[in-house]
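Asker: Need a 3D model of the following:
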Amino acid sequence: MGDDIPLSFDASVDAIKRVLPINLQSPRVGIICGSGLSGIVNVFRDVVLIPYENIPGFSTSTVPGHKSTLAFGLLGSGEGVPVVAMLGRFHPYEGHSLSSVVYPVRIMAKLGIKDIIITNAAGSLNPSIPVGTIVVIQDHLALPNLTGMNPLLGPQTSKDLPRFLPLSDAYSPALRRLVFLAAHQLQLDDSALAEGTYAWVSGPTYETPAEGRFLRRVGADVVGMSTVPEVLAAREEGLNVVVLSLVTNFVVIPETYRSIKEEVQAELAGKKVELPQAQVVSHAEVLAIGQEKAGILMKLVESVVDSL
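Answerer: Prediction:
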């Protein structure tokens with residue numbers, strides 16, 4: 001055992017390699033699939049599926065739309081690129097510790113990946129980024145990180161990793177460029193992709209109008225309950241990172257609040273009051289849009305991997 005690899009990592013890597021053929025034991029690219037996006041495994045070749053429960057140190061996802069399987073296979077043209085994909089991720093709101101949330105990223109790094117493509121479903125805070133848009137993330141705003149919920153807190157997993165991690169270069173320009181070149185090759189409409197800043201919130205509640213308004217005003221374009229912990233671990237491990245956020249809903253941010261006081265006053269004055277329909281977001285809506293647009297996202301990921 002290497003001095004810088006804890007026993008738990010070794011046990012996980014050994015358990016994985018025992019069931020993999022030689023050509024899949026050293027994946028080049030890692031992929032993390034967000035809500036409803038696990039179908040990318042359908043375009044893998046020579047697929048080997050390993051349930052999380054068979055890997056020491058792995059937790060189990062409890063969120064609808066997330067499987068609990070690590071998928072290995074070849075992706076892209078020709079002989080293909082060996083890849084590993086998380087078909088379902090972990091979230092702190094499920095009760096997982098942050099170290100458990102990022103554990104699979106560290107294992108993928110130990111297996112040898114150099115690049116990681118992270119996808120998620122997100123709510124749009126920006127009126128110019130409609131539902132169905134794929135946002136190529138260029139920066140993030142992580143309130144949990146700023147207030148003590150950071151996956152890099154505590155003892156380091158290796159003395160060789162940076163103690164103070166810079167994040168101004170977290171999102172690889174080279175990988176983001178490949179995404180837009182892939183969109184061009186796929187002849188996607190210019191409106192299919194956008195660039196923006198992702199806000200990480202802990203969840204599992206969707207944002208109140210006041211919270212959504214706050215996030216919009218401080219510069220966030222989309223918001224979600226995942227991804228940033230994995231980005232931090234990936235960058236700490238020296239991986240190149242690209243994040244693709246599929247907008248599945250608009251965050252509910254009304255221009256004005258409904259005034260119950262005025263409604264009551266109108267009722268008392270004998271006037272007819274038209275009650276507005278309440279706007280809410282549901283996870284079913286998120287999954288439905290994810291399934292509708294997943295094909296485009298999968299083609300983008302495949303094209304980026306192919307170009308690597």
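Asker: Now the phi/psi pair for the residue nearest the centre of the chain, please.
Answerer: Central residue of the chain (Cα atoms, centre = their mean): N120, 3.5 Å from the mean position. Dihedral pair for N120: phi -160, psi 160, per degrees, to the nearest 10.
Asker: That one bridge partners, please.
Answerer: For N120, the beta-bridge partners are S245 (DSSP bridges).
Asker: Mind listing what's buried along stretch 13-20?
Answerer: 13, 15-16, 20 (16 or more other Cβ atoms under 10 Å). C-beta here means a position set from N, CA and C on the backbone, and glycine is covered the same way.
Asker: Look up phi and psi at I134.
Answerer: phi -100, psi 120.
Asker: actually V228, not the one I wrote
Answerer: Main-chain torsions, V228, degrees, to the nearest 10: phi -60, psi -40.
Asker: mind listing what S172 touches?
Answerer: 115, 240-242 (Cβ atoms under 8 Å, 6 or more residues apart in numbering).
Asker: what does G30 give?
Answerer: Applying Cβ under 8 Å, 6+ apart, the residues contacting G30 are 83-86, 105, 108-109, 113, 115-117, 239.
Asker: Pull the distance from the helix or strand containing S8 to the chain's centre.
Answerer: Assigned by DSSP states H and E, S8 belongs to helix 7-17. Relative to the centre of its chain, helix 7-17 is centred 24 Å away, using Cα atoms, centre = their mean, to the nearest Å.
Asker: Can you list the buried residues in the longest helix along the chain?
Answerer: Counting residues, the longest helix found in the chain (DSSP state H) is helix 283-307. Buried residues in helix 283-307, counted by 16+ other Cβ under 10 Å: 283, 286-287, 289-290, 293-294, 296-307.
Asker: Strands - which of the contacts of S172 land there?
Answerer: 115, 240-242 (DSSP state E).
Asker: now those as a markdown table including pLDDT, neighbour count and distance to M149?
Answerer: Formatted as a markdown table, these follow (pLDDT from 0 to 100; neighbours: other Cβ atoms under 10 Å; distance: Cβ to Cβ, whole Å):
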| residue | pLDDT | neighbour count | distance to M149 |
| --- | --- | --- | --- |
| D115 | 98 | 22 | 27 |
| N240 | 98 | 18 | 25 |
| V241 | 98 | 24 | 20 |
| V242 | 98 | 23 | 24 |
